[in-house]
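Trainee: my questions are about this predicted structure, shown below with the sequence.
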Amino acid sequence: MAIQIFNTLGRKKEAFVPLTPGRVYMYVCGPTVYSHPHLGHAKSYISFDAIVRYFRYRGFRVKYVQNITDVGHLTDDADSGEDKIIKKAREEKLDPMEVAQYYTWSYFDDMDALGVLRPNISPHATGHIIEQIELIKTLLKKGYAYEVGGSVYFDITRFPEYGKLSGRKLEELEAGARIEVNPDKRNPFDFALWKHADPAHLMKWPSPWGLGYPGWHIECSAMSMKYLGETFDIHGGGLDNVFPHHECEIAQSEAATGRPFVRYWMHNNLVTVNGVKMSKSLGNFITIKEALQKYSPNTIRYFVLSSHYRSPLDFSDQALNGAQRGLERLVTMVRRIRKALSQAGENTKVDPPFEVEAYRKRFEAVMDDDFNTPQAIAVLFELVKRTQDLLGEGKASRAFLEGVDALITDIGQHVLGLLPQDLSKPDSASLLPVVEKLIQITVDVRSELRKQKLWPLSDKIRQELASLGIVIKDRPDGSTEWEHNF
RNA sequence: GGCGCCGUACCCAAGUGGCUAAGGGAGAGGUCUGCAAAACCUCCAUUCGGCGGUUCGAAUCCGCCCGGCGCCUCCA
């Protein structure tokens, strides 16, 4: 059966039929780089990471594009707001591009730490000004946009389908209007494609309409269509981007090309703290860097993937601690299974106690159903637990364990990315502090033995340590120093 | 005010018409153990915010009510 995707456009699950067989062309809205990413970003990008990984597991070749927004985005929509990156640059007395670059690296650092695979293409908005201008020119030529005083606006009345994604109607929007009316706009809900820049503005580019900078929505249309085509399979992002951002993307893209823009719209739900949305503007966010000081990357992944991507996720230390414990136990059990596998003989005559394939089918069934990662985790737990039970009974053959291990690897590593790459080989860097601590403990015990004048035993310890390259030096004052040659 | 989502055990969280309501955490009891910890085993919602309705049958569909949240302004 085909993968079922909940399409925001239509609000129901649909079978995923790629435009090109075997390929997935996918775009996910990336971050605006003016501050460190927070747990909300973690949820979004870990969720889509698991989705991309699952498509690949399923044999699709995925072209995954995720933008870096390094210009644009005003602090409000009354057209009086300031570009957030420029605001930060002014505050920190930096060039705007220094700000964008600094937080771009911060973003990738955090994503790498969380095991989020990098997109195939990470286009920057400032690197695609030409494409954006070309798109705006097309919209002007086709009569979907108009220019006023060096700014260009999209004429919302020319696109009757406006609102089809978010389920809004223009009349309703006007009824609830709270934004200040911009006198340049013909309709209050026309949105900017290009903004005129006054001379003091820091980020500006030449255009047919004078010096200016692109509007908020145009970059995603320009870059997604450049790399994925005028119509592509999947466009994802946070729920908070459905309106107006994605609605406007649809309007300007479909107006420009006359074709459907995106076939499946996917939106992840938001992270809340004490039930309230976590966001930069509310200031209640926890950065990924902060979270990583308390919890391991895989704990955060586990926490995120243990709820469905379309469900809200409430952050609390209690929930994170629960996730940490659960993951630890999972890793312990997997480690035990792998150890058993490495020691298993060729006792191939034992019948498989249960069908590993049945678990694989279950895993695929739940992931096929709109990427139900919580259930995938449940399947993994059941598989691991049941295998461990058999281990105790001595009923697991080598071939059987190999099958189990392959499935654990597929679910836990390849798709969910929860398990360390190689459980049997911790890297030496992380082991050294432990080794040194062990030496210290041994030396401390020996010091206690010497106090009790148990010389043969303390001498034996010194010799054994020496044979390992650890030299012990007893000082006249009774203290003991040591060093090792590794 | 408009649009939409959610409310499942102590906590997190699947399930959206029909086998005994997944899984994890916490908790309780037990095995093991010099003690402790770890590990393992067992137990832990006749019930799904409330009240009605549809149905042979509902946590799942419909209506109303209560509670929480999101979008309508930049946000993943």
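Mentor: All right, it came through fine.
Trainee: where does the stretch 201-350 of chain A have low pLDDT?
Mentor: Along the stretch 201-350 of chain A, segments meeting pLDDT under 70 span A:345-350.
Trainee: near RNA strand B at all, whichever strand or helix holds A:Arg263?
Mentor: Secondary structure assignment for A:Arg263, by DSSP states H and E: strand A:262-268. Yes: Strand A:262-268 reaches RNA strand B (CB under 7 Å from any atom of the strand) through A:Asn268. C-beta coordinates here come from the backbone N, C-alpha and C atoms, glycine included.
Trainee: average pLDDT for stretch A:130-149?
Mentor: Averaged across stretch A:130-149, the pLDDT comes to 96.
Trainee: now the end-to-end length of that stretch.
Mentor: With CA to CA, to the nearest Å as the measure, stretch A:130-149 spans 20 Å from end to end.
Trainee: chain center to that stretch: distance?
Mentor: Distance of stretch A:130-149 from its chain centroid, counting by CA atoms, centre = their mean, to the nearest Å, is 33 Å.
Trainee: residues in contact with that stretch?
Mentor: Here stretch A:130-149 makes contact (CB atoms under 8 Å, 6 or more residues apart in numbering) with A:125, A:152-155, A:158-159, A:184-186, A:193-194, A:196, A:207-209, A:214, A:218-219, A:221-223, A:225-226, A:252, A:255-256.
Trainee: how close does A:Pro355 get to A:Leu383?
Mentor: Wrong residue type there; residue A:355 is Glu, not Pro. According to CB to CB, to the nearest Å, A:Glu355 and A:Leu383 sit 11 Å apart.
Trainee: right, and the helix or strand after the strand holding A:Arg263?
Mentor: Toward the C-terminus, strand A:262-268 is succeeded by strand A:271-273 as the next helix or strand (DSSP H and E).
Trainee: now for that next one, which elements pack on it?
Mentor: helix A:39-57, strand A:313-315 (3 or more CB pairs under 8 Å, 6 or more residues apart in numbering; DSSP states H and E).
Trainee: so what are the sheet partners of the last one and their directions?
Mentor: So that's strand A:313-315. With DSSP bridges as the test, strand A:313-315 is paired with strand A:271-273 (parallel).
Trainee: anything in the helix or strand just after the strand it pairs with near RNA strand B?
Mentor: Per DSSP H and E, the first helix or strand lying C-terminal to strand A:271-273 is strand A:276-277. Yes: Strand A:276-277 reaches RNA strand B (CB under 7 Å from any atom of the strand) through A:Val276, A:Lys277.
Trainee: then stretch A:380-392?
Mentor: Yes: Stretch A:380-392 is in contact with RNA strand B by CB under 7 Å from any atom of the strand, via A:Phe381, A:Glu382, A:Lys385, A:Gln388, A:Asp389, A:Gly392.
Trainee: in that stretch, what counts as buried?
Mentor: By 16 or more other CB atoms under 10 Å, the buried positions in stretch A:380-392 come out as A:Leu380, A:Leu383, A:Val384, A:Thr387, A:Gln388, A:Leu390, A:Leu391.
Trainee: of those, which is the nearest to A:Lys361?
Mentor: A:Leu383 (11.7 Å; CB to CB).
Trainee: what helix or strand does that closest one sit in?
Mentor: Per DSSP H and E, A:Leu383 falls inside helix A:373-393.
Trainee: got the angle between that helix and helix A:39-57?
Mentor: Note on geometry: by axes from the mean of the first three to the mean of the last three CA atoms, to 10 degrees, helix A:373-393 and helix A:39-57 are set 70 degrees apart in direction.
Trainee: neighbours of the residue in the stretch 251-400 of chain A that RNA strand B sits nearest to, how many?
Mentor: Nearest to RNA strand B in the stretch 251-400 of chain A, going by CB to the nearest atom of the strand, is A:Gly326, at a distance of 2.2 Å. When neighbours are counted by other CB atoms under 10 Å, A:Gly326 registers 16.
Trainee: so it touches A:Tyr302, yeah?
Mentor: Yes: between A:Gly326 and A:Tyr302 there is a contact under CB atoms under 8 Å: 6.8 Å.
Trainee: which one is the spatially most central residue of chain A nearest to, not counting chain neighbours?
Mentor: Nearest residue to the geometric centre of chain A (CA atoms, centre = their mean): A:Tyr45, 2.1 Å. Nearest non-adjacent residue to A:Tyr45, counting by CB to CB, 6 or more residues apart in numbering: A:Val116, 5.1 Å away.
Trainee: how about A:Gly403?
Mentor: A:Val356 (4.1 Å).
Trainee: ok so, going back, can you give me the pLDDT of the residue nearest to the centre of chain A?
Mentor: Model confidence at A:Tyr45 (pLDDT) stands at 97.
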